[in-house]
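Undergrad: Pasting the sequence and the predicted coordinates here, then a few questions.
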Amino acid sequence: MQIFSCDHCGHPVFFENVQCLQCGSALAFVPERMAVTAIEPVPDAAPTDPQTPPAEPLWQPRGAGEGAAQRYRLCQNQTRYQACNFTVAADDPNPLCMSCRQTRILPDLSVPENVPRWIRIETAKRRLLYTLLRLGLADPQAKEGPVYQFMADLPGQAPVMTGHAAGVITLNVAEADDDERVRRRVQLFEPYRTLLGHLRHESGHYYWDQLVRDHPQRLADFRALFGDESQDYMQALQAHYAAGDGRPDWRPSFVSAYAAAHPWEDWAETWAHYLHMVDLLETAASYRTRIVLPSAEGAQPSRPADPFQDGRSSFDEWIAQWVPVTLLLNSLNRSLGQDDAYPFALSEEALRKLRFVHDVIAQAGAPVPSDAPAEPTPA
């Protein structure tokens with residue numbers, strides 16, 4: 001996503017920051033503004049009655065002065081666990097922010113290791129929500145959308161399976177442990193496995209129900225491109241896992257080996273890949289990245305456009321910008337001795353499927369504006 005800036009001093013800040021390291025301002029992400037904002041306590045002019053419990057503190061944009069129209073509370077998950085940096089409108093009766101209120105089941109937080117697991121998952125979920133909001137796919141009032149349950153395996157009970165069913169996204173909190181997630185990635189022959197990737201994938205299943213399933217023409221177009229989803233799902237998954245590293249012929253038609261398991265998984269993997277692209281291109285544009293790839297014909301400069309600005313660039317323009325960005329990304333990773341951050345190669349068939357996702361989203365959503373600056377403001 002974009003890099004933000006402290007609107008008090010102009011120093012660059014990140015989406016998750018709760019304090020500006022330059023000026024010390026408290027920071028919070030304000031969903032109504034779609035921006036990381038410097039905040040300060042609302043001046044308390046009323047005397048405190050010692051017999052009355054103190055009210056939850058209110059915050060306002062820093063420098064707004066007394067009588068500021070915009071007032072917020074911090075999400076209850078921040079005041080209790082330091083687990084969230086979203087605000088809640090002062091007149092909203094819900095103690096949780098629009099992201100945290102979507103989580104319906106938590107692991108047992110009295111188990112010490114579950115707290116950092118849950119915090120890491122919620123952080124990834126807020127990143128997903130930001131992108132869905134920007135694409136116009138999420139409800140800014142959090143009245144619609146998927147709900148989540150984050151659960152831990154318990155002795156004597158069946159393992160918690162990550163997945164989606166009837167609008168509910170389930171994630172096994174063990175995925176928040178780096179060692180366990182890498183173990184599963186290697187065991188399942190996957191080149192990429194992250195918390196954010198899981199959530200993007202499962203959101204794809206949710207949005208297939210919302211955007212494709214009940215739309216006859218879209219469903220017909222989907223089947224022509226992805227295949228007939230009415231084929232037995234469990235049987236298809238069993239065949240996929242029995243094959244070890246998947247079908248040997250998946251590369252010409254799919255974004256990943258798992259996408260070849262079933263048309264539903266093909267859609268979800270393609271959907272997740274599309275969200276990867278949107279997020280990474282927005283990041284590259286936010287930094288005003290300019291890439292020059294040497295070639296036999298000479299230098300070829302490329303400057304990624306913000307997917308949510310610049311007139312919503314066409315899909316073909318996105319793809320033209322995508323290759324240089326991923327080459328730079330992987331080269332930087334290799335310079336640090338890391339594996340490729342983007343271990344994929346997109347075939348023509350995979351690109352056609354990504355274009356289908358692009359078109360479905362364009363028809364369904366309208367980008368949510370942000371009052372955050374597109375580029376960092378110099379300090």
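TA: Cool, the structure landed. Residues are numbered from 1 along each chain as shown.

Undergrad: which stretches of the stretch 51-200 of the chain form strands?
TA: Along the stretch 51-200 of the chain, counting by DSSP state E, counting those that start in this stretch, strands occupy 59-61, 72-74, 87-89, 103-105, 147-151, 163-165, 168-172.

Undergrad: any chance of those in JSON lines, plus mean neighbour count, distance to residue 266 and mean pLDDT?
TA: Yep, even glycine has a C-beta here, placed from its N, CA and C like the rest. Listed next are the strands of the stretch 51-200 of the chain as JSON lines, based on neighbours: other Cβ atoms under 10 Å; distance: least, Cβ to Cβ, whole Å; pLDDT from 0 to 100:
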{"stretch": "strand 59-61", "mean neighbour count": "22", "distance to residue 266": "45", "mean pLDDT": "94"}
{"stretch": "strand 72-74", "mean neighbour count": "23", "distance to residue 266": "41", "mean pLDDT": "96"}
{"stretch": "strand 87-89", "mean neighbour count": "23", "distance to residue 266": "38", "mean pLDDT": "96"}
{"stretch": "strand 103-105", "mean neighbour count": "13", "distance to residue 266": "28", "mean pLDDT": "97"}
{"stretch": "strand 147-151", "mean neighbour count": "19", "distance to residue 266": "23", "mean pLDDT": "97"}
{"stretch": "strand 163-165", "mean neighbour count": "16", "distance to residue 266": "15", "mean pLDDT": "96"}
{"stretch": "strand 168-172", "mean neighbour count": "20", "distance to residue 266": "19", "mean pLDDT": "97"}
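
Undergrad: mind saving the C-alpha coords of the lengthiest helix in the chain as PDB?
TA: Longest helix in the chain by number of residues, with DSSP state H as the criterion: helix 263-286. What follows is helix 263-286 as a C-alpha-only set of coordinates in PDB (Å, rounded to 0.1, in the frame of the first residue of the first chain):
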ATOM      1  CA  PRO A 263     -12.100 -24.000 -10.300                       C
ATOM      2  CA  TRP A 264     -13.000 -22.500  -6.900                       C
ATOM      3  CA  GLU A 265      -9.300 -22.600  -5.900                       C
ATOM      4  CA  ASP A 266      -8.200 -21.300  -9.200                       C
ATOM      5  CA  TRP A 267     -10.500 -18.300  -8.700                       C
ATOM      6  CA  ALA A 268      -9.300 -17.800  -5.100                       C
ATOM      7  CA  GLU A 269      -5.600 -18.000  -6.000                       C
ATOM      8  CA  THR A 270      -6.100 -15.600  -8.900                       C
ATOM      9  CA  TRP A 271      -8.100 -13.200  -6.700                       C
ATOM     10  CA  ALA A 272      -5.300 -13.300  -4.100                       C
ATOM     11  CA  HIS A 273      -2.700 -12.700  -6.800                       C
ATOM     12  CA  TYR A 274      -4.700  -9.700  -8.100                       C
ATOM     13  CA  LEU A 275      -4.700  -8.200  -4.600                       C
ATOM     14  CA  HIS A 276      -0.900  -8.800  -4.400                       C
ATOM     15  CA  MET A 277      -0.600  -6.800  -7.600                       C
ATOM     16  CA  VAL A 278      -2.800  -3.900  -6.500                       C
ATOM     17  CA  ASP A 279      -0.900  -3.500  -3.200                       C
ATOM     18  CA  LEU A 280       2.600  -3.800  -4.600                       C
ATOM     19  CA  LEU A 281       1.900  -1.400  -7.400                       C
ATOM     20  CA  GLU A 282       0.400   1.200  -5.000                       C
ATOM     21  CA  THR A 283       3.500   0.800  -2.900                       C
ATOM     22  CA  ALA A 284       5.800   1.300  -5.800                       C
ATOM     23  CA  ALA A 285       3.900   4.300  -7.000                       C
ATOM     24  CA  SER A 286       3.800   5.800  -3.500                       C
END
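
Undergrad: next one: it to chain centre, how far?
TA: Relative to the mean C-alpha coordinate of its chain, helix 263-286 is positioned 9 Å out (Cα atoms, centre = their mean, to the nearest Å).

Undergrad: Now do the very next helix or strand once past that helix: which elements does it pack against?
TA: Counting by DSSP states H and E, the next helix or strand C-terminal to helix 263-286 is strand 291-293. Judged by 3 or more Cβ pairs under 8 Å, 6 or more residues apart in numbering; DSSP states H and E, the packing partners of strand 291-293 are strand 300-302, helix 315-335.

Undergrad: Looking at those, which one is packed in the most?
TA: Of all the helices and strands packed on strand 291-293, helix 315-335 has the most neighbours on average by mean count of other Cβ atoms under 10 Å, namely a mean of 16.
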